[in-house]
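Student: need coordinates for the following:
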Amino acid sequence: DSIMNIILLTTELSKEINIEIAYNNFIEYIISFLDNKTLTSSKENIIQMFKMISQVVSDDGNPCVSINLTIQKNLKIDEKQLSKLYKLILESYESYIQTVAIPKITLIIPQIDSQNTELSKKIFGIIKKGGYIAINTDPKNNFSYTGINKSIVKNNASGNIVLHAVSINLPRLAYESNEDDTYFRAKVNLILKTAISALSTRREIIDDMIGKGLLPLLNINTGIISNQKIPLIINLTGLDEAIDSLLGTKAT
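Tutor: Presented below is the predicted three-dimensional model:
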């Protein structure tokens, strides 16, 4: 069974990985399995898969699991069928996040056509409820949820990780606060303190690397960057939606 294989694979990988397990080509993997199922049974199976994976990685020290819904160019599938698959997976994920306190599964989806308002609304609804969704705007690359990207272009195997930015999921914090603005502010304050501490540590690392001559360009040209003012980008994701959630009003 396709879904059981993913669960078993996650079980084994979670013993060796502590940050993130990223599954690419998920659409290609399950499309043949879903062809022989009804819509209702397919949705129930995917929800059950999400729940069982969450149980496998439920401990704090276990990795999160990201599922990439970006498709390869050589996959023969029409837009209408693909849209139905996205809708099915998003609805299953929405049902899943309503059954857990903190989701351990994240979704990575390609950029949706702006005219497809149905999928856009589903994505917005999931994020507002505390789900984790990342949008891949570059079809030539596969991204994990934590920021590492893997090029899928031939003869190009470079990769990078985003170290200069921190994103705070405010709608999720607001949801956990249960309309208690005091708890919300305290939680945001703790996260900001952690970010500031990370910036201080990074500054010390850069100082140490310059002192050891590992960054010769900065060592020779000290005017290029000041180690006393290294910016940290903090993305306050979903601020308006978080305020609406705290106030109990409907987002506009």
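
Student: and the host helix or strand of G125, what's buried?
Tutor: Using DSSP states H and E, G125 sits within helix 117-128. Buried residues in helix 117-128, counted by 16 or more other CB atoms under 10 Å: 122-123, 126-128. C-beta: built from backbone N, CA, C; applies to glycine.

Student: which strands or helices does that helix pack on?
Tutor: Judged by 3 or more CB pairs under 8 Å, 6 or more residues apart in numbering; DSSP states H and E, helix 117-128 is in contact with helix 79-97, strand 133-136, helix 239-247.

Student: who touches stretch 21-30?
Tutor: Contacts with stretch 21-30, where a contact means CB atoms under 8 Å, 6 or more residues apart in numbering, come from 2-3, 6, 10, 13-14, 57, 63-72, 75, 77, 82, 85, 142, 144-145, 148, 150.

Student: of these, just the buried ones, ChimeraX syntax please.
Tutor: Here is the ChimeraX command that selects the buried residues among these (16+ other CB under 10 Å):
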select :3,6,10,13,14,57,63,64,65,66,67,68,69,70,71,82,85,142,144,145
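
Student: give me the subset of the contacts of stretch 21-30 lying in helices.
Tutor: When the contacts of stretch 21-30 are checked against helices (DSSP state H), the matches are 2-3, 6, 10, 13, 82, 85.

Student: report the angle between the helix holding G125 and helix 79-97.
Tutor: Orientation of helix 117-128 against helix 79-97 (axes from the mean of the first three to the mean of the last three CA atoms, to 10 degrees) gives an angle of 20 degrees.

Student: measure how far helix 117-128 is from the centre of its chain, please.
Tutor: Relative to its chain's centre, helix 117-128 lies at 15 Å (CA atoms, centre = their mean, to the nearest Å).

Student: my read: K51 touches S95, true?
Tutor: No: K51 lies out of contact with S95 (CB atoms under 8 Å); the separation is 9.5 Å.

Student: and the closest residue to G125 other than its chain neighbours, how far is that from K128?
Tutor: Closest residue in space to G125, ignoring its immediate chain neighbours: E94 at 6.7 Å, by CB to CB, 6 or more residues apart in numbering. E94 is 10 Å from K128, where distance means CB to CB, to the nearest Å.

Student: for this protein, name the helix or strand with the lowest mean pLDDT.
Tutor: strand 149-151 (a mean of 50; mean pLDDT, DSSP states H and E).

Student: how near is I206 to A22?
Tutor: Distance from I206 to A22, by CB to CB: 29 Å.

Student: of those two, who's got more company?
Tutor: Using other CB atoms under 10 Å, the more surrounded residue of I206 and A22 is A22, with 22 against 16.

Student: doesn't the more buried one belong to a strand?
Tutor: Yes: counting by DSSP: H, G, I helix; E, B strand; the rest coil, A22 is part of a strand.

Student: look up how far Q55 lies from it.
Tutor: 19 Å.

Student: and I46, by the same measure?
Tutor: I46 sits 15 Å away from Q55, going by CB to CB.
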